[in-house]
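Peer 1: give me a 3D structure for the following:
(one chain, ligands or ions: 1)
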Amino acid sequence: MATHRLPPFSPPTRTRTGRPITALICALAVGTATACAPSEGAVAPSPGATAPSQVAAGPASPGAGTSAMGAPGIGDPDFPDDGNGGYDVQHYGLRLSYDPPSRKLAGSATIEAKAVQDLTSFNLDLHGLTVSRVTVDGAAASFSRSRDELVIEPARRIGNGDGFAVTVDYGGVPEPMRDSANLGRYGFIPTADGAFVTCEPNGAKTWFPSNDHPADKATYDFHITVPEGLTAIANGEMTGTPRTTAGKTTFVWRESHPMASYLATMTTGKFQVRTGKSDKGVPIYTAVADSFRGSLDTLFTQTGKITDYWSTVFGPYPFSSTGGVIDDYAAGYALENQTKPIYGGFAPEPAIIAHELAHQWFGDSLSIGRWRDLWLNEGFATYAEWLWAEHSGQYTADSVFRRYYDNAADPMWTYPPGTARADDLFSAAVYNRGAMTLHALRREIGDQKFFPLIREWTDAHRYGNVTTQEFIALAERVSGKDLKGLFDAWLFQPKRPAPLS
Ligand SMILES: [Zn+2]
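Peer 2: Below is the predicted model:
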């Protein structure tokens, strides 16, 4: 997800939801309830080809007749229960119906996956909700629940390398995740007229059974039925005109590029919508809650303009559409939902739109495989705010860098951003010191190497998973310099690095 903060020099005068916006930023910095969105990390170089879940898969599959259980976690050392091992999801087909008055969600999820070991059982992540039926390749499967794990035993063993499809029928009243140390409230959050759905880092399981970790990306189809008059917004593009029957309207969306589970959304409510294209021809879908109708045109225009500008800086826009959603749920943060960042209860400043749209490259197209690498999302998106300020003539990246650097008492100096902590993922250190790392790199290798490096980075790992070590290796190759000392000082040491030369 992405949280939203304002640029460092914003005047503290604007308010929303009764609080100064800068207070929100600071709140983020000290780890209170606003959340940012980390992304994924590292393991699979290309979607579908290798399974990130391989890292986490359980013990080598035993011979026929013995048990071969998929691991209950994907292998992220800081989030051991997140995701699952033994398979790699290719596609989620989600059929969902939501009734805001009763807050009841009814769903049928078909998950197409490929086994990366023999499987006599495997897990999906699911928080709350009641499962009524599970089938694997059309045959009824037995299942059990244990906390947020749905354990499925297919009628027949699945062989290593086999594709299979599991369908889960489920329903109930979704319960958002609560994590006061990190994100506050996230996942599927009911609102007065629908739902606000932002899932970083592991809230997808609040509304669909999933391999809920960014190391396993997949494509998605969404069929979402809501009462007539409401709009259901998911990722990617609508595949047709919404159809209304008997007072209910069904919206069909498709995200045809690999997506981390936390970036999926089914935000629902009364929205004003504006669609069109950017100057460079990227389709745009923007929507705002009725109370933000005055912000729709600005959101539309800025989204197109910033998407186009980033495509000249970071490389071609990775997805088939761009956009943004302002809901009236006062989350106090924004999240970079793939193709449609969502702003929770505020009309975003351009710097925030710049941050969330930069995440379409850093976090969404290139996803981390472990949460501790979150600076690869947030450091880059924060640096994008500085680049946007440079581009729009507000201030230079160098001036922000110096201002942060000069504060020797900033707590970020004791938090090395290269190892984001599970209990404080969205620390300001991950954002600001992460961005400073990039600025130190830029100063060391010069603009003529730095910007081609960034474009090579987004090109080489498009739609895949990435690690910090891969970024360091590429930076050294592109620059021809030994940069281990620079990255070690900025990312991994609990003290303020030496000043830039
Ligand atoms: Zn962010």
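
Peer 1: what's opposite the residue nearest to residue 287 when sequence neighbours are not counted in the beta bridge?
Peer 2: Nearest non-adjacent residue to residue 287, counting by Cβ to Cβ, 6 or more residues apart in numbering: residue 271, 4.1 Å away. C-beta coordinates here come from the backbone N, C-alpha and C atoms, glycine included. Beta-bridge partners recorded for residue 271 (DSSP bridges): residue 289.

Peer 1: can you give me the helices for the stretch 201-350 of the chain?
Peer 2: 296-313, 350-358 (DSSP state H, counting those that start in this stretch).

Peer 1: thinking again about what came up before, check contacts around the residue nearest to residue 287.
Peer 2: The neighbours of residue 271, taking Cβ atoms under 8 Å, 6 or more residues apart in numbering as the test, are 231, 233, 287, 288, 289, 290, 325.

Peer 1: which pLDDT value goes with it?
Peer 2: Note for residue 271: predicted pLDDT of 98.

Peer 1: measure it to the ion for me?
Peer 2: With the distance defined as Cβ to the ion, to the nearest Å, residue 271 ends up 23 Å from the ion.

Peer 1: can you check residue 101 too?
Peer 2: Noted for residue 101: a distance of 34 Å to the ion, by Cβ to the ion.

Peer 1: residue 468 too?
Peer 2: Residue 468 sits at a distance of 17 Å from the ion (criterion: Cβ to the ion).

Peer 1: swap in residue 419?
Peer 2: Residue 419 is 18 Å from the ion, where distance means Cβ to the ion.

Peer 1: interface residues of the stretch 351-500 of the chain facing the ion?
Peer 2: With Cβ under 5 Å from the ion as the criterion, the stretch 351-500 of the chain meets the ion at residues 378, 381.

Peer 1: now do the strands in the stretch 351-500 of the chain.
Peer 2: Remark: strands assigned in the stretch 351-500 of the chain by DSSP state E, counting those that start in this stretch are 367-368, 465-466.

Peer 1: I'd like those strands laid out as TSV, including mean neighbour count.
Peer 2: Putting those into TSV (neighbours: other Cβ atoms under 10 Å) gives the following:
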stretch	mean neighbour count
strand 367-368	32
strand 465-466	29
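
Peer 1: now tabulate the ones you listed in CSV and tack on mean pLDDT.
Peer 2: What follows is these, written out as CSV (pLDDT from 0 to 100):
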stretch, mean pLDDT
strand 367-368, 98
strand 465-466, 98
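
Peer 1: what residue in the stretch 151-300 of the chain comes nearest to the ion?
Peer 2: Ranked by Cβ to the ion, the top residue of the stretch 151-300 of the chain for proximity to the ion is residue 200, at 8.9 Å.

Peer 1: so that residue sits against residue 333, correct?
Peer 2: No. Using Cβ atoms under 8 Å, residue 200 is not in contact with residue 333, being 9.4 Å away.

Peer 1: how near is residue 445 to the ion?
Peer 2: Distance from residue 445 to the ion, by Cβ to the ion: 24 Å.

Peer 1: tally of neighbours for that residue?
Peer 2: Using other Cβ atoms under 10 Å, residue 445 has 20 neighbouring residues.

Peer 1: among the contacts of residue 271, name the buried ones.
Peer 2: 231, 233, 287, 288, 289, 325 (16 or more other Cβ atoms under 10 Å).

Peer 1: tally of neighbours for the residue of the stretch 301-450 of the chain found nearest the ion?
Peer 2: Residue of the stretch 301-450 of the chain nearest the ion, by Cβ to the ion: residue 381 (4.3 Å). By the measure other Cβ under 10 Å, the count of residues near residue 381 is 28.

Peer 1: start to end distance for stretch 226-241?
Peer 2: One end of stretch 226-241 sits 14 Å from the other (Cα to Cα, to the nearest Å).

Peer 1: give me the mean pLDDT for that stretch.
Peer 2: Summarised as a single mean, pLDDT over stretch 226-241 is 98.

Peer 1: thinking again about what came up before, the more surrounded of residue 200 and residue 333?
Peer 2: Per other Cβ under 10 Å, whichever of residue 200 and residue 333 has more neighbours is residue 200, with 34 against 30.

Peer 1: got phi/psi on that one?
Peer 2: phi -70, psi 130 (degrees, to the nearest 10).

Peer 1: returning to what we had before: and the residue of the stretch 301-450 of the chain closest to the ion, what does it touch?
Peer 2: 2, 336, 355, 356, 358, 359, 362, 363, 431.

Peer 1: picking up where we left off before, out of the helices of the stretch 201-350 of the chain, which is the most enclosed?
Peer 2: Across those, averaging neighbours per residue (mean count of other Cβ atoms under 10 Å) puts helix 350-358 on top, at a mean of 26.

Peer 1: other SSEs contacting that one?
Peer 2: If contacts are counted by 3 or more Cβ pairs under 8 Å, 6 or more residues apart in numbering; DSSP states H and E, helix 350-358 sits against helix 296-313, strand 322-327, strand 334-335, helix 375-391.

Peer 1: now the angle from it to helix 375-391?
Peer 2: Computed with axes from the mean of the first three to the mean of the last three Cα atoms, to 10 degrees, the direction of helix 350-358 lies at 140 degrees from that of helix 375-391.

Peer 1: pLDDT at residue 37, what is it?
Peer 2: For residue 37, the model assigns a pLDDT of 35.

Peer 1: so how far is residue 265 from residue 132?
Peer 2: For residue 132, the distance to residue 265 equals 24 Å [Cβ to Cβ, to the nearest Å].

Peer 1: who has more neighbours out of those two?
Peer 2: Between residue 132 and residue 265, residue 265 has the larger neighbour count (other Cβ under 10 Å), namely 29 against 12.

Peer 1: so the more buried one is in contact with residue 236, correct?
Peer 2: No. Between residue 265 and residue 236 there is no contact under Cβ under 8 Å: 10.6 Å.

Peer 1: contact partners for residue 124?
Peer 2: Neighbours of residue 124 in contact, by Cβ under 8 Å, 6+ apart: 84, 111, 149, 150, 152, 166, 168, 209, 210, 211.

Peer 1: what sits against the third one?
Peer 2: What it means is residue 149. By Cβ under 8 Å, 6+ apart, residue 149 lies in contact with 72, 81, 84, 123, 124, 125, 126.

Peer 1: dihedrals phi and psi, it?
Peer 2: When read as degrees, to the nearest 10, the backbone of residue 149 gives phi -110, psi 130.

Peer 1: how close does it get to residue 425?
Peer 2: 22 Å.

Peer 1: so, low pLDDT: which residues of the protein?
Peer 2: For the chain, the stretches with pLDDT under 70 are 1-65, 183.

Peer 1: repeat the analysis, applying 50 as the threshold.
Peer 2: By pLDDT under 50, the weakly predicted segments of the chain are 4-64.
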